[in-house]
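Visitor: Structure, please.
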Amino acid sequence: MNETTVCVVGNVATQPVFRETATGASARFRLAVTQRYWDREKNAWTDGHTNFFTVWANRALATNVQASVSVGEPLVVRGRLKVRSEMRDGQSWTGADIEATAIGHDLARGTAAFRRAQRGETPSETPARPEPSWETEPTAQAAETAQQQQGQREQQGQQEQRGQRRKQVQEPVLVT
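Guide: Down below sits the predicted model:
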């Protein structure tokens with residue numbers, strides 16, 4: 001089958017929207033991809049045109065997107081490109097969608113800690129995120145989400161420390 005596969009690097013522009021459907025989980029978000037080039041006249045990097053893609057994730061990938069992706073984070077997205085055209089109010093509109101097969105954080109611009117998802121994990125076991133409000137500023141949503149994620153990381157760290165303490169075996173002491 002001939003299909004156009006792309007790999008794009010950009011920033012998350014909208015809070016991911018997660019849905020549980022009869023066919024499985026689904027998530028979508030917008031990704032902003034801005035061209036950068038070296039301007040010889042200014043002797044500096046310059047931002048060029050920004051393209052926006054709607055990224056769609058399904059099944060386990062959608063569940064992991066819900067738990068891992070927030071507004072403003074740099075991502076690498078690989079998937080099938082689908083360009084759609086439609087008529088709205090007498091005007092022709094064109095949009096680009098990516099049906100994602102893989103999504104990851106761009107480690108050239110930050111760090112990430114991978115945590116393998118448990119088999120059989122359902123979306124209800126992951127922390128629920130509220131539906132994004134389009135009136136709320138994205139920076140406020142990102143700050144709130146970052147605080148929630150920090151709290152979750154601290155809880156996980158405490159649980160791991162407790163688990164390591166339990167695993168430590170005490171050496172028997174010989175008394176002579």
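Visitor: what comes up buried for stretch 52-64?
Guide: Neighbour-count burial for stretch 52-64, counted by 16 or more other Cβ atoms under 10 Å, picks out 53-58, 61-64. Any C-beta I mention is one placed from the backbone N, CA and C, and that applies to glycine too.
Visitor: Give the rounded mean pLDDT of it.
Guide: Averaging the model's pLDDT scores along stretch 52-64 yields 96.
Visitor: swap in stretch 93-113?
Guide: For stretch 93-113, mean pLDDT rounds to 94.
Visitor: Go through that stretch and flag the buried ones.
Guide: For stretch 93-113, by 16+ other Cβ under 10 Å, it's 96-98, 100, 103, 105.
Visitor: by contact count, what packs against the helix or strand that residue 28 is a member of?
Guide: Applying DSSP states H and E as the criterion places residue 28 in strand 24-39. With contacts defined as 3 or more Cβ pairs under 8 Å, 6 or more residues apart in numbering; DSSP states H and E, the packing partners of strand 24-39 are strand 5-12, strand 17-21, strand 44-58, helix 59-68.
Visitor: Now do the last one: which elements does it pack against?
Guide: Helix 59-68 is packed against strand 17-21, strand 24-39, strand 91-105, with contacts defined by 3+ Cβ pairs under 8 Å, 6+ apart.
Visitor: would TSV of the buried residues of stretch 52-64 with distance to residue 77 be doable?
Guide: Formatted as TSV, these follow (distance: Cβ to Cβ, whole Å):
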residue	distance to residue 77
53	8
54	11
55	6
56	10
57	9
58	14
61	11
62	13
63	16
64	13
